[in-house]
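**Student:** generate a structure from the sequence data that follows.
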Amino acid sequence: MASSEQTFRIEEIIDNHIHVWTGTTSFAPLAEVLTSDREILVENFHCPAGAGITTGDAIRSYLLCYALERVRVSIRPNHFILFKEAETVQAVLEDSFGVDPGIDEDRIIVPYQHEALVIMVKSIFGRRSWPAVSKDIAPFMQLFSRDGTKAKPDQDRIMRYKTLVWLVYLVIDMVRNDLGLCESGIEVAVKKFRSLFDHVIKGDIIDEDSRRPGFEGGKWENTLFGWLQGEDSKSFVLKLKRQFNFENKMEHANRYLLAEHRKCVFEEVLSLFRWP
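**Tutor:** The predicted structure follows:
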């Protein structure tokens, strides 16, 4: 909670950001959130400066994450489409998430939308200095905001965000299906994830050639890992694995996930499902 000595300074900082952000197309929806929640922000302002981050950058990042977590954005089925493989992705999502029947068409039900968006915001914007994340804002808003922006698409970053969508939902599905991972820690969870993905590629999450249960007694058959298995989706899975970039290759640096993105996703998902 802000002290009386801090209040005027905090109000000035927030008002300045509202003024500056309102004049930038990609920031305008974020400025609207700050305007709407101005009194709440003044009353509860808290911004710990991270190591190597100036106070100004830390405040800017705090306000950005606050606004991004509350702006009108949503995760839709098209956010899972990579490599122009729309049919493959749609089939996987329909089988895994289910559909809401409609008059004209069925609608895929995307779960955990708020939780997934918060995790994505933290992994992209929450742990880096302002100059490092400023270029991510316009393409993020362009992809996820229903209002969109007029900025020219940054295709590499958009590919990174869509890869991040897949990682978030796969890790959620993994942890939801094996809650023991919450107590095992991030290293065990990462190792398990990579093992599961390798089994998807091998094609033994589901034993399709016999009536025997698949990997680990069929435990993963009804997860995204199971629905991703198959010859029709193998090419997509191999390219998706490359995008996850567990080898930390530097080529296509703005397209692949970075170690900090992956680490944040695993930490946040484990925290999400851990008992209080």
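**Student:** is it true that Gln229 touches Asp198?
**Tutor:** No: here Gln229 lies out of contact with Asp198, judged by CB atoms under 8 Å, at a distance of 11.6 Å. Backbone N, C-alpha and C define where each C-beta goes, glycine included.
**Student:** more neighbours: which of the two?
**Tutor:** Between Gln229 and Asp198, Gln229 has the larger neighbour count (other CB atoms under 10 Å), namely 25 against 11.
**Student:** report pLDDT for that one.
**Tutor:** Looking at Gln229, its pLDDT stands at 91.
**Student:** over to the one 10 residues further on?
**Tutor:** According to the prediction, Lys239 has pLDDT 94.
**Student:** give me the element it is part of.
**Tutor:** Using DSSP states H and E, Lys239 maps to helix 231-244.
**Student:** what's in contact with that helix?
**Tutor:** 82-83, 85, 88-89, 91-92, 159-160, 163, 166-167, 197, 200-201, 203, 228-229, 255-257, 262 (CB atoms under 8 Å, 6 or more residues apart in numbering).
**Student:** redo that, cut-off 7 Å
**Tutor:** 82-83, 85, 88, 92, 163, 166-167, 197, 200-201, 228, 256-257 (CB atoms under 7 Å, 6 or more residues apart in numbering).
**Student:** and the next helix or strand past it?
**Tutor:** helix 259-273.
**Student:** geometric centre of this structure: which residue is closest?
**Tutor:** By CA atoms, centre = their mean, the mean C-alpha position of the chain lies nearest to Met120, the distance being 2.9 Å.
**Student:** in stretch 168-182, which residues are buried?
**Tutor:** Residues of stretch 168-182 classed as buried by neighbour count (16 or more other CB atoms under 10 Å): Val168, Tyr169, Leu170, Val171, Ile172, Asp173, Met174, Val175, Asn177, Asp178, Leu181, Cys182.
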